[in-house]
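*Asks:* my questions are about this predicted structure, shown below with the sequence.
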Amino acid sequence: MRIFLYLLRWHLVSVYACIKILHRRKDQVFFLSRQFDEIPFNYQALIDELEKRKIKYKVLCKKVSSGVNDTLRTQGNYANSTSFVKKLFGNLSSSLKYYFGLYRQMRLIATSKVIIVDGYNLPVSLLKHKKGTKVIQLWHALGAIKKFGYQTLGHKDGVSPMVAKILKMHANYDYVISGSEGMNPYFAEAFNVSPDKVLAIGTPTADYMRTKDEDKTRSIYERYPMMKEKINVLYTPTFRNDKRDHTKDLIASFDFSKANLLVALHPKDELTLDDDCIIKVNRKEFLVSDIIKTVDYVITDYSAIMLEAALAKKKILLYTYDYEKYSKDNGLNIDLKKEYPHLTYSNSDDLVKTIVNNTYDMKEYQKFTDKYVTKVDNSTRAIIDLIEECLKCA
C-alpha cells in the first residue's frame, strides 16, 4: 500500500508540473468540492456575490464515492495492504473515474489564483502550486464539536497516519475559515495550520440561519400541518459508522401529547422508521436548515448542526447515549458533559422531561452561544472581501 501511494504521489506531481507549464493562470476563483455533486449552499452564496462584483470563477463539484473515500482513508480495519488492494480493485470503476477526474481538477487549479475547498482535496494539498496561488479552506461545518482531520490520527474512526503523511493531508492552506473564536484552536489542530491562518468570520450558512423566510416556513407548515398545534422538536443525530442508533429509544420516551417529534436522519443512515407518531423529514423536499427555523428545540449529539440551531436562536439538547465510546473512538473537542451538563443527556427519559416540564437551562445555553457562535454580522461579505484581497496580491 505504501508503495502504491508513493507511486500515485510521484505520478500526480509529474503530471501537474506539465500542466502548470502548458496553462496560464487567470484572475479567477475556483470552487472545488468532493463532498457534493451539486453546488453547496456556501459556494452558491459566494458565487452570487462574485457575479455582482464581476469576478470570474469556475466550479467543480463531484462527490467522491464512499468506496474510494474509504480506500484512501484506510481507516480502522482497512489499514493493511491486503484489505487496501481488495478495496481498490473492488471499487475499480469508481477509482478510475476519480483518477481521471483529477486531471480536470489539476488544470483548473493551475489556471486559478484563488482555490476554495470545503474538505480535504488530494491535488490541492499534495501538489506544489504556482507562486501566489491562494487556497482557502471553507469547511462545510461552522464548528468542530467532534475531532476531525489531524486530531483523529491513530483513532479507530480516524485517518491512517501513514496515508496522511504520504498524501499530505490538509496541506497548502493559506486561510482556514472558522465559525467562531472559540472554535479556532480546534480548526488549527484539525488542519495542522498555525493559529494566525484561522479566521473566525463564519460562513454564508451563518448568515442564512439568522434570516427568516416566511414562504419556506409556510411550505413546511402546509406539508406538516400538525406542527401548528404543539411544541416542535427536531432530532438530527450524527452518522455512526457502526450504525449504532437510539432513535427508537427516544421515540419510545417521547410525550406526543405535548409535542411533535420531527426526525431528520443522516443521508447515509439506513434506519427504517415506521412509527406514525413522528414526522419523518424528507431531506430531498426540505433543507434541515429550514426545518430548524420552524421548530422550538433541536436535539442532536456531536454534530455542528447545534451551532446552526443556536444561530437561529433555537434551544439545543444533546442526546449522547454513547458518550464514552464516541470519545474514545473518535474524540471530542468539547467535554459536553462537563461544560454543559444541563444540555447533555445519556437518558432519553430525562431529556424528554426537560422539554415537557419546561425546565430548560437558558443560562447554560447562553454560555454555549457566547463562546461558540460567530459574532460576525455578514460572513458572506467578509469572505468575499478576503477573496478580493487574495486576487490582488496573487
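*Replies:* The structure has been received and is ready for your questions.

*Asks:* helix or strand right after the helix-or-strand element of the chain with minimal mean pLDDT?
*Replies:* When the helices and strands of the chain are compared on mean pLDDT, DSSP states H and E, helix 81-90 comes out lowest with a mean of 60. Tracing the chain past helix 81-90, the next element assigned as helix or strand by DSSP states H and E is helix 92-110.

*Asks:* if you average pLDDT over that following helix, what comes out?
*Replies:* Averaging pLDDT along helix 92-110 yields 92.

*Asks:* then stretch 194-206?
*Replies:* 97.

*Asks:* got the contact list for it?
*Replies:* Among residues not part of stretch 194-206, those counted as contacts by C-beta atoms under 8 Å, 6 or more residues apart in numbering are 41-42, 45-46, 138-139, 142, 173-181, 183-185, 187-188, 191, 289, 308, 311, 374, 376, 379-380, 382-383, 386. No exception for glycine: its C-beta is placed from N, CA and C like everyone else's.

*Asks:* what pLDDT does the nearest residue to Lys371 once chain neighbours are set aside get?
*Replies:* Nearest residue to Lys371, sequence neighbours excluded (C-beta to C-beta, 6 or more residues apart in numbering): Gly182, at 4.3 Å. Looking at Gly182, its pLDDT is 96.

*Asks:* who touches Gly182 in this structure?
*Replies:* Contacts of Gly182 by C-beta under 8 Å, 6+ apart are Gly143, Lys371, Tyr372.

*Asks:* could you give me the ChimeraX syntax to select whichever of the residues you listed are buried?
*Replies:* Buried subset of the contacts of Gly182, written as a ChimeraX selection, criterion 16 or more other C-beta atoms under 10 Å:
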select :143,372
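
*Asks:* what mean pLDDT does stretch 339-347 get?
*Replies:* pLDDT averaged over stretch 339-347 gives 96.

*Asks:* and it, what's buried?
*Replies:* Tyr340, Leu343, Thr344, Tyr345.

*Asks:* hang on, the earlier thing: now, the contacts of Gly182 that are in helices?
*Replies:* Lys371, Tyr372 (DSSP state H).

*Asks:* export the contacts of Gly182 as CSV, with columns for pLDDT and distance to Leu234.
*Replies:* Output for the contacts of Gly182, formatted as CSV (pLDDT from 0 to 100; distance: C-beta to C-beta, whole Å):
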residue, pLDDT, distance to Leu234
Gly143, 95, 18
Lys371, 96, 23
Tyr372, 96, 19
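
*Asks:* okay if I get the contacts of Gly182 as CSV plus distance to Leu8?
*Replies:* Formatted as CSV, these follow (distance: C-beta to C-beta, whole Å):
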residue, distance to Leu8
Gly143, 33
Lys371, 42
Tyr372, 38
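
*Asks:* remind me what the strand ranked longest in the chain packs against, helices and strands.
*Replies:* If you go by DSSP state E, the chain has its longest strand at strand 26-33. Counting contacts by 3 or more C-beta pairs under 8 Å, 6 or more residues apart in numbering; DSSP states H and E, strand 26-33 packs against helix 41-52, strand 56-61, helix 92-110, strand 112-117, helix 379-393.

*Asks:* could you rerun that using 6 Å?
*Replies:* Counting contacts by 3 or more C-beta pairs under 6 Å, 6 or more residues apart in numbering; DSSP states H and E, strand 26-33 packs against strand 56-61, strand 112-117.

*Asks:* need the max-distance pair from the buried residues of stretch 339-347.
*Replies:* Tyr340 and Tyr345 (10.6 Å; C-beta to C-beta).

*Asks:* returning to what we had before: report the separation between the residue nearest to Lys371 and Glu339.
*Replies:* For Gly182, the distance to Glu339 equals 11 Å [C-beta to C-beta, to the nearest Å].

*Asks:* circling back: nearest to Val13 among the helices and strands packed on strand 26-33 would be which one?
*Replies:* The nearest among the helices and strands packed on strand 26-33, by C-beta to C-beta, is strand 112-117 at 17.2 Å.

*Asks:* buried residues in the closest one?
*Replies:* Buried-residue list, strand 112-117, by 16+ other C-beta under 10 Å: Ser112, Lys113, Val114, Ile115, Ile116, Val117.

*Asks:* may I have the helix or strand following it as CSV, with CA atoms only?
*Replies:* Proceeding N to C from strand 112-117, the next assigned helix or strand is helix 122-126, under DSSP H and E. Only the C-alpha atoms of helix 122-126 are listed here, as CSV (Å, rounded to 0.1, in the frame of the first residue of the first chain):
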residue,chain,number,x,y,z
LEU,A,122,-5.9,15.4,-3.0
PRO,A,123,-4.4,17.6,-5.7
VAL,A,124,-4.9,20.8,-3.7
SER,A,125,-3.0,19.5,-0.7
LEU,A,126,-0.5,17.2,-2.4
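
*Asks:* give me the low-pLDDT residue ranges for the stretch 151-300 of the chain?
*Replies:* By pLDDT under 70, the low-scoring segments of the stretch 151-300 of the chain are 241, 243, 266-273.

*Asks:* what are the ranges of the strands in it?
*Replies:* Using DSSP state E, counting those that start in this stretch, the strands of the stretch 151-300 of the chain run over 175-177, 198-199, 231-235, 259-263, 279-280, 297-300.

*Asks:* count the neighbours of Ser65 for me.
*Replies:* 15 (other C-beta atoms under 10 Å).

*Asks:* secondary structure class for Lys63?
*Replies:* Three-state call for Lys63 (DSSP: H, G, I helix; E, B strand; the rest coil): coil.

*Asks:* helix or strand for the closest residue to it other than its chain neighbours, which one?
*Replies:* In space, not counting the residues next to it along the chain, Lys63 is nearest to Asp37; the distance is 4.7 Å by C-beta to C-beta, 6+ apart. Taking DSSP H and E as the definition, one finds Asp37 inside no helix or strand.

*Asks:* for burial, what's the neighbour tally of Asp37?
*Replies:* 9.

*Asks:* any idea how far Gln366 lies from Lys338?
*Replies:* 18 Å.

*Asks:* so between the two, which is more surrounded?
*Replies:* Per other C-beta under 10 Å, whichever of Gln366 and Lys338 has more neighbours is Gln366, with 11 against 8.
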